[in-house]
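>>> sequence and predicted structure, then a few things I'm wondering about:
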Amino acid sequence: MNSPTGASWWSTARIFAGPDAINETIWSDSPRIHARLGFTPTDLANPGSLGAQQAMLDPAITAALGTAAPVLPWVPDLLGEEWTHESGIVIVGQNYGQFISGYTNRPKRMSALDYAKAKTWQDFQQVFIREVVINDDDYYELLAPLLDTTTAKDRFVVTDLIRCTLVKRGTPKVRGGTLQRLDANIDLNDEEHCKVYGRHADLPESTGWFWDRLVATKASMIVALGRAPCCGLLRLFASKACAVTAYPSGKVWTHQGVRWMYNCGINSIQGRLKGGEWHVVNSAALQRSWHIVLVAHPATENNQYASAGASSTQHAPPRGAKGPHSPGPPTVT
């Protein structure tokens with residue numbers, strides 16, 4: 001389904017394409033990650049390897065990249081023209097779903113050659129929005145109820161905790177007379193997959209880009225699409241000496257175990273939303289506050305986005321408020 005109006009929400013969104021230091025750095029610096037042990041194309045060359053699809057490229061596009069060990073840059077953030085607005089929203093997913101043609105059967109995908117030939121993040125994003133985002137009824141269009149809570153088409157940041165496509169590498173097979181390799185999505189119910197996810201989420205680049213984006217916008221509303229991004233957000237804020245408390249209990253949040261995604265004190269997602277539970281974050285150093293609402297991934301049945309959106313707009317802390325504050329009790333409509 002598209003947005004509630006029946007049209008593509010993204011076809012009329014006002015997308016920011018000007019200079020952006022964070023997206024510039026994501027685009028220019030992310031390939032260097034794949035020079036490190038465990039992240040190189042050689043490390044990820046065998047079927048069954050777990051890691052970034054951007055470093056699992058077939059020789060067919062090597063010439064377009066012009067390097068002996070080709071990798072593609074990670075994905076820049078999707079920003080509205082007024083993404084820094086205090087009434088904006090930050091939507092955080094797990095990691096980028098598969099979208100590179102030749103490795104996935106996802107209906108909305110872009111050419112690997114278009115990806116490889118993009119010289120700037122703006123070049124990439126122009127194609128990405130046209131080929132992957134607009135009319136993507138599996139993910140992007142399903143975010144419309146959340147995006148509409150800003151009452152504008154340009155007050156948003158849509159990103160992922162990890163800005164690459166994490167997969168389990170497949171085995172090349174002949175399909176329809178063409179040699180193709182279909183990769184499997186990473187499965188965070190598998191402990192080995194979860195470890196790989198954690199290694200990517202804890203990279204200094206990943207946490208640095210994310211913190212810089214959160215500080216750069218005045219928006220206080222953050223929506224986490226699932227446990228993994230929610231846990232990553234909580235860990236990040238705690239590492240920055242922010243006070244993280246659960247609402248309405250007021251209990252101080254602490255990471256309760258050594259496994260990356262688990263033991264974050266997050267139980268039933270639907271139960272949390274129905275019970276009006278979220279996390280409140282206060283930074284004394286920055287005199288800023290955020291609140292994190294956890295909802296299910298868009299592909300999950302009964303994701304309750306309309307309810308989450310209504311709750312966030314009716315009971316959120318004042319947008320752009322300075323210093324510590326507590327939200328009023330959230331309700332689900």
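Now that the structure is in, tell me what you want to look at.

>>> which element, helix or strand, includes the residue most central in space within the chain?
For the chain, the residue lying nearest the average C-alpha position, counting by C-alpha atoms, centre = their mean, turns out to be residue 160 (1.2 Å). Taking DSSP states H and E as the definition, residue 160 sits inside strand 156-162.

>>> now do residue 195
Per DSSP H and E: residue 195 is located in helix 191-201.

>>> low-confidence bits of the stretch 51-200 of the chain, can you list those?
Applying pLDDT under 70 to the stretch 51-200 of the chain flags residues 67-69.

>>> show me the helices in it, by range?
With DSSP state H, counting those that start in this stretch as the criterion, the stretch 51-200 of the chain has helices at 62-65, 112-117, 121-128, 144-147, 191-201.

>>> highest mean neighbour count out of those helices?
For the helices of the stretch 51-200 of the chain, average neighbour numbers computed from mean count of other C-beta atoms under 10 Å are highest in helix 144-147, which has a mean of 22. For the C-beta atoms, the positions are set from N, CA and C on the backbone; glycine is no exception.

>>> same for that helix, what does it pack against?
Contact here means 3 or more C-beta pairs under 8 Å, 6 or more residues apart in numbering; DSSP states H and E; on that basis helix 144-147 packs against strand 89-95, helix 305-315.

>>> what's the pLDDT at residue 333?
What the model reports as pLDDT for residue 333 is 24.

>>> next one: stretch 96-115 to chain centre, how far?
For stretch 96-115, the separation from the chain centroid amounts to 17 Å (computed by C-alpha atoms, centre = their mean, to the nearest Å).

>>> hang on, the earlier thing: ok and the strand holding residue 160 relative to strand 89-95, angle-wise?
Inter-element angle recorded for strand 156-162 and strand 89-95: 30 degrees (by axes from the mean of the first three to the mean of the last three C-alpha atoms, to 10 degrees).

>>> the residue lying closest to residue 80 once chain neighbours are set aside: neighbour count?
When the adjacent residues along the chain are set aside, residue 80 lies closest to residue 154, with 3.6 Å between them (C-beta to C-beta, 6 or more residues apart in numbering). Per other C-beta atoms under 10 Å, the neighbour tally for residue 154 reads 17.

>>> re earlier: and the strand holding residue 160, what does it pack onto?
strand 78-79, strand 89-95, helix 191-201, helix 204-216, helix 227-239.

>>> out of these, flag the one nearest residue 59.
Shortest distance between residue 59 and these, using C-beta to C-beta, is found for helix 191-201: 24.2 Å.

>>> helices and strands around that closest one, which ones?
Using 3+ C-beta pairs under 8 Å, 6+ apart: helix 191-201 touches strand 50-52, strand 89-95, strand 156-162, strand 166-168, helix 227-239.

>>> go with 10 Å
strand 50-52, strand 89-95, strand 156-162, strand 166-168, helix 204-216, helix 227-239 (3 or more C-beta pairs under 10 Å, 6 or more residues apart in numbering; DSSP states H and E).

>>> returning to what we had before: may I have the helix holding residue 195 exported as CSV, CA atoms only?
What follows is helix 191-201, C-alpha atoms only, in CSV (Å, rounded to 0.1, in the frame of the first residue of the first chain):
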residue,chain,number,x,y,z
GLU,A,191,23.8,-15.4,17.4
GLU,A,192,26.6,-15.3,14.7
HIS,A,193,24.6,-12.9,12.6
CYS,A,194,24.0,-10.8,15.7
LYS,A,195,27.7,-10.6,16.4
VAL,A,196,28.4,-9.4,12.9
TYR,A,197,25.7,-6.8,13.3
GLY,A,198,27.2,-5.6,16.6
ARG,A,199,30.7,-5.3,15.0
HIS,A,200,29.2,-3.0,12.3
ALA,A,201,27.1,-1.0,14.7
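
>>> coming back round to it: now the helices of the stretch 51-200 of the chain in CSV, with distance to residue 243?
CSV is the format used below for the helices of the stretch 51-200 of the chain (distance: least, C-beta to C-beta, whole Å):
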stretch, distance to residue 243
helix 62-65, 45
helix 112-117, 41
helix 121-128, 34
helix 144-147, 26
helix 191-201, 22
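
>>> between these, which one is nearest to residue 175?
Closest to residue 175 of those is helix 112-117 (C-beta to C-beta; 16.1 Å).
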